[in-house]
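*Asks:* Here is my input, please return the structure:
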Amino acid sequence: MTVNKKGILVVVSGPAGVGKGTVCDVVSKNNPEIFISISATTRAPRRGEVDGVHYYFKTKEQFEEMIENNELLEYNKFVNGNYYGTPAKECDTRLENGVNIILEIDVEGGKQVRAKRPDAVMIFVLPPSFCELEKRLRGRSSETEEDILSRLARSEAEFEYGKKYDYLIVNDMPEMAAAKIQAIIEAEKHRTFRCLNEVKKNIIR
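*Replies:* Numbering: from 1, shown residues only. Okay, the predicted model is just below:
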């Protein structure tokens, strides 16, 4: 008997440089049945990026129409003017078909998802220390000193909201952090509120 036929919606957030993308990639590699949600964006495709694989590339007009029609689970507009967001229909269809979905999004997006999907599982990824986070940011060699200091300041603010998430995971090693996320998803399948109706139909008289 399958105790929970519907998929689990998982939100994974964390500060820039914490390695949440790497952790989610490991989860997906180890569990092909777990779907990493594809975001929609108005930015131009980069070399090698494929529409519908890396992102859903939209015009600004198309994206704003999606906002108007309430077709997004969450969205954000960045300082460069580009929109990013998660299409709701694809997620909901997969969830109804029993597929577990991970949304790798920031805490602002997480707030929106929690308001719309209160049964979503919220996981906040932390660095082993903020010194290690700074080391990782500097190791990327892709940002200015101003950008690094800005991201570090923002990470502290994000952690304040991260305290409201359901789970906190320290990413000291991606494989270990991924294993913890996998264990959380498996445990969540057996939460009483998710499986009680199915159990009632098969067991409880």
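
*Asks:* Could you give the average pLDDT over the helix or strand where residue 139 lies?
*Replies:* Using DSSP states H and E, residue 139 maps to helix 130-140. Rounded to a whole number, the mean pLDDT of helix 130-140 is 79.

*Asks:* Which elements pack onto it?
*Replies:* helix 145-162 (3 or more C-beta pairs under 8 Å, 6 or more residues apart in numbering; DSSP states H and E). Placement of C-beta: from N, CA and C, glycine included.

*Asks:* and the helix it packs on, average pLDDT?
*Replies:* For helix 145-162, the mean pLDDT works out to 81.

*Asks:* Residue 124: how many residues sit nearby?
*Replies:* Other residues lying near residue 124 total 24 when counted by other C-beta atoms under 10 Å.

*Asks:* quick one: it and residue 10 touch, right?
*Replies:* No: using C-beta atoms under 8 Å, residue 124 makes no contact with residue 10, being 11.7 Å away.

*Asks:* contacts for the helix holding residue 139?
*Replies:* 15-19, 127, 143, 148, 151-152, 155-156 (C-beta atoms under 8 Å, 6 or more residues apart in numbering).

*Asks:* Pull out the buried residues from these.
*Replies:* Using 16 or more other C-beta atoms under 10 Å as the burial test, those include 15-19, 127, 148, 151-152, 155 as buried.

*Asks:* got the end-to-end distance for stretch 42-55?
*Replies:* Using C-alpha to C-alpha, to the nearest Å, one end of stretch 42-55 lies 10 Å from the other.

*Asks:* about what we covered before: tabulate the buried ones among the contacts of helix 130-140 (TSV), appending distance to residue 99.
*Replies:* Output for these, formatted as TSV (distance: C-beta to C-beta, whole Å):
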residue	distance to residue 99
15	28
16	28
17	29
18	26
19	25
127	30
148	37
151	33
152	36
155	31
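
*Asks:* just so I have it, where are all the helices in this structure?
*Replies:* Ranges of helices in the chain, per DSSP state H, are 20-30, 60-68, 88-96, 107-116, 130-140, 145-162, 174-188, 192-202.
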